[in-house]
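just a sequence and a predicted model for now, questions to come.
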Amino acid sequence: MHAEWTKLRTTPGTPWLLVGLVLTTVAVSAAAAASVTCAAGVCSQDATRLSLTGVDLGQAVVAVLAVLAVSSEYSSGLVSVSFTATPRRLTVLGAKAVVVAGAVAAAGSVAVLGSLVAGRLLLPAGAPLSFADGTTWRAGVGSVLYLVLIGLLSLGVGVVVRDGAVAIGVVLGALYLSPILAHLITDPVWHRRVQQWGPMEAGLNIRATVDLDALPLTPWSGLGVVAVWASVALVVGGLLLHRRDA
């Protein structure tokens, strides 16, 4: 784990990506909160969900960071040195997963907290955001966990694909295509299935604090869908890492 942390923090771009995750998430969330207007002093929007809008874009930064944690080793040839030093390849993958998850959790926590504070300050009085509300904290903690799971999903895809640009394209496609498909599909049954199976559509339900009965999945069930995506990616990546030549 010490070696994997050394590699991650010395990879060109890692510090900037972590800073970018915080700034991008907070900036987009603040812009969304500042754009809200209330008719007659009453707002129907979900204040917490609006305050966490930046997670939509911040997850792309997480995907890039996690993929580079793998692809940079393959592009530089360092992966052969890593496996020579640690022949148990699944141990290497496990250490990478822990380090990536820890880095994303730390930066993600700052980003989510900053977004909630921005929402508290910028939302109009008709759409109050209360830190005393348990659902607000559930949405905040869940959003951090969502970013961590996206990081693990991206790491698994990076191990499977190896090529950084292709892996990033695959992850971003899996994330952002499902909302587009959900809007294009007119059949109500398949529309709901896409909302339930897509990692972004399902996972971001964790931000919702009102009208929960109208969601295709409960907030924690939606996060469970993302956990399944991440687990499958890591399992497939682990199998290929064990069997393929470095």
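Thanks, I have it. Residues are numbered from 1 along each chain as shown.

the helices in this protein, which residues?
Counting by DSSP state H, the segments of the chain that form helices are 2-10, 14-34, 47-51, 55-76, 78-85, 89-122, 134-161, 164-184, 188-197, 199-203, 219-243.

which of the ones you listed has the lowest mean pLDDT?
Comparing mean pLDDT across the helices of the chain, the weakest is helix 188-197, with a mean of 84.

and that one, what does it pack against?
Under the contact criterion of 3 or more Cβ pairs under 8 Å, 6 or more residues apart in numbering; DSSP states H and E, helix 188-197 touches helix 164-184, helix 199-203, helix 219-243. Bear in mind the C-beta positions are built from the backbone N, C-alpha and C, glycine included.

mind listing what's buried along it?
191, 194, 195, 196 (16 or more other Cβ atoms under 10 Å).

next one: stretch 111-122
For stretch 111-122, by 16+ other Cβ under 10 Å, it's 111, 112, 114, 115, 116, 117, 118, 119, 120, 122.

which one is the residue nearest the centre of the chain nearest to, not counting chain neighbours?
Ranked by distance to the mean C-alpha position of the chain (Cα atoms, centre = their mean), the top residue is residue 147 at 2.8 Å. Distances taken as Cβ to Cβ, 6 or more residues apart in numbering place residue 108 nearest to residue 147, at 4.0 Å, with adjacent residues excluded.

before we move on, back to that, make CSV out of the buried residues of stretch 111-122 and add distance to residue 136.
Output for these, formatted as CSV (distance: Cβ to Cβ, whole Å):
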residue, distance to residue 136
111, 16
112, 11
114, 14
115, 11
116, 7
117, 12
118, 14
119, 9
120, 9
122, 15
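
and which of these is nearest to residue 211?
residue 119 (18.1 Å; Cβ to Cβ).

quick revisit: I'd guessed the residue nearest to the centre of the chain sits against residue 58; true?
Yes: counting by Cβ atoms under 8 Å, residue 58 is a contact partner of residue 147 at 6.7 Å.

buried ones in stretch 93-105?
Buried residues in stretch 93-105, counting neighbours by 16+ other Cβ under 10 Å, are found at 93, 95, 96, 97, 99, 100, 101, 103, 104.

who touches that stretch?
Contacts of stretch 93-105 from elsewhere in the structure, counted by Cβ atoms under 8 Å, 6 or more residues apart in numbering, are 1, 3-5, 8, 14, 18, 21, 62, 65-66, 69-70, 144, 147-148, 150-152, 155, 159, 234, 237-238, 241.

again, but for stretch 109-120
By Cβ under 8 Å, 6+ apart, the residues outside stretch 109-120 that reach it are 21-22, 24-26, 29-30, 33, 47-48, 50-55, 58, 129, 131, 136, 140, 143-144, 147.
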